[in-house]
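I would like the atomic coordinates for the input below:
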Amino acid sequence: MGELFDAHSSLVFSLCLSALRHRQDAEDAAQQVFVRAWKFRESYDPGKPLGAWLTGIARRVIADTFHARQRQLRSAEAGGAALLHAAPDEPMDTVVDQVLIHQALSELGPPQDEILRMAYTQDLPVRTISEQLEMPVGTVKSHLHRGLARLRKTLEVTHD
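Next comes the predicted model:
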């Protein structure tokens, strides 16, 4: 696996970066490509070039990332609609807070936004998130930690 990574990591990363146009997303996607390659290594046909097989996996990972972005955009739009349709007995501050948090989550980008939503709005354990997203548990924990740090920075209120 180390040799595979050494030989093809720059190809995979450059594909991810050119498609996703965000360095952190490209790094995460490239990592996912190699995780999936390891997980589905039995599906590799030795008669075909490794680069082509990895490119196919990269295309699917990139497509998944774009689908996640579309889901978060739809969620953000729904959050804005929640502001317009707030229940009369629901305090407006609560709705505004929800929209602000939702917007801050969407700025994180995949997969951090999705992982944070799964962990905190769906109350899923890290192991379940790991299985659903086909990511190692350590990677999910890293995304949770980095995502919370970025979210905290985004939502911090400065007292001038």
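
tell me which helix or strand in the protein has the weakest average pLDDT.
Ranked by mean pLDDT, DSSP states H and E, the helix or strand of the chain with the weakest confidence is helix 92-108, at a mean of 64.

buried residues of the helix or strand just after that one, list them for me.
Remark: after helix 92-108, the chain's next helix or strand is helix 112-120, criterion DSSP states H and E. With burial defined by 16 or more other C-beta atoms under 10 Å, the residues of helix 112-120 counted as buried are 112-119. Heads up, the C-betas are built off the backbone N, CA and C, glycines and all.

and helix 112-120, what does it pack onto?
Counting contacts by 3 or more C-beta pairs under 8 Å, 6 or more residues apart in numbering; DSSP states H and E, helix 112-120 packs against helix 50-84, helix 92-108, helix 126-133, helix 137-155.

for those, which has the smallest mean pLDDT value?
The weakest mean pLDDT among the helices and strands packed on helix 112-120 belongs to helix 92-108, with a mean of 64.

and the gap between the closest residue to Gly147 other than its chain neighbours and Ala52?
For Gly147, ignoring the flanking residues on the chain, the nearest one in space by C-beta to C-beta, 6 or more residues apart in numbering is Gln112 at 3.6 Å. According to C-beta to C-beta, to the nearest Å, Gln112 stands 30 Å off from Ala52.
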